[in-house]
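Undergrad: next one to model:
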Amino acid sequence: MAAGETRPLNEVQFLTVAEVASVMRVSKMTVYRLVHSGHLPAIRVGRSFRVPEQAVHEYLRESYVGVDAG
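TA: A predicted model of the protein is given here:
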């Protein structure tokens with residue numbers, strides 16, 4: 001799917017904060033900070049958060065700092 005397109009909810013894969021931290025190789029506290037600051041969208045399920053997997057990939061893609069070969 002192209003960026004900006006939405007998927008039906010039954011196709012969305014959600015990750016726990018621990019899973020997001022593992023994918024991003026950061027601490028769980030860093031993930032909580034990203035969620036609370038609004039940089040990483042999440043839904044609340046009881047007392048925990050779930051983050052759409054696609055949102056993690058988009059965040060990483062937008063945050064990527066490339067090195068110019070020039």
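Undergrad: now do the contacts for the residue nearest the centre of the chain.
TA: Closest to where the C-alpha atoms of the chain average out (CA atoms, centre = their mean) is residue 56, at 2.4 Å. Residue 56 sits next to 15, 20, 23-24, 40 when contact means CB atoms under 8 Å, 6 or more residues apart in numbering. For every residue, glycine as well, the C-beta is placed using N, CA and C.
Undergrad: any of those residues buried? List them.
TA: Neighbour counting with 16 or more other CB atoms under 10 Å marks 15, 20, 24, 40 as buried within the contacts of residue 56.
Undergrad: in a markdown table, list those residues along with pLDDT.
TA: Supplementary listing: these in a markdown table, determined by pLDDT from 0 to 100:
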| residue | pLDDT |
| --- | --- |
| 15 | 97 |
| 20 | 98 |
| 24 | 96 |
| 40 | 97 |
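Undergrad: quick one: mark the members of the residues you listed that sit in helices.
TA: Of the buried ones among the contacts of residue 56, the ones assigned to helices by DSSP state H are 20, 24.
Undergrad: just put the buried ones among the contacts of residue 56 in JSON lines and tack on distance to residue 51.
TA: Compiled in JSON lines, these are given as follows (distance: CB to CB, whole Å):
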{"residue": "15", "distance to residue 51": "5"}
{"residue": "20", "distance to residue 51": "5"}
{"residue": "24", "distance to residue 51": "10"}
{"residue": "40", "distance to residue 51": "6"}
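Undergrad: quick one: which of the buried ones among the contacts of residue 56 is nearest residue 60?
TA: Distance to residue 60 across those (CB to CB) is lowest for residue 24, with 6.9 Å.
Undergrad: any idea how far that closest one lies from residue 40?
TA: 9 Å (CB to CB, to the nearest Å).
Undergrad: give me the common contacts of the two.
TA: 31, 56.
Undergrad: residues in contact with residue 18?
TA: Counting by CB under 8 Å, 6+ apart, residue 18 makes contact with residue 28.
Undergrad: typo on my end, residue 17
TA: Counting by CB under 8 Å, 6+ apart, residue 17 has contacts 28, 31-32, 35, 48-49, 51.
Undergrad: that's all I had, so thanks and see you.
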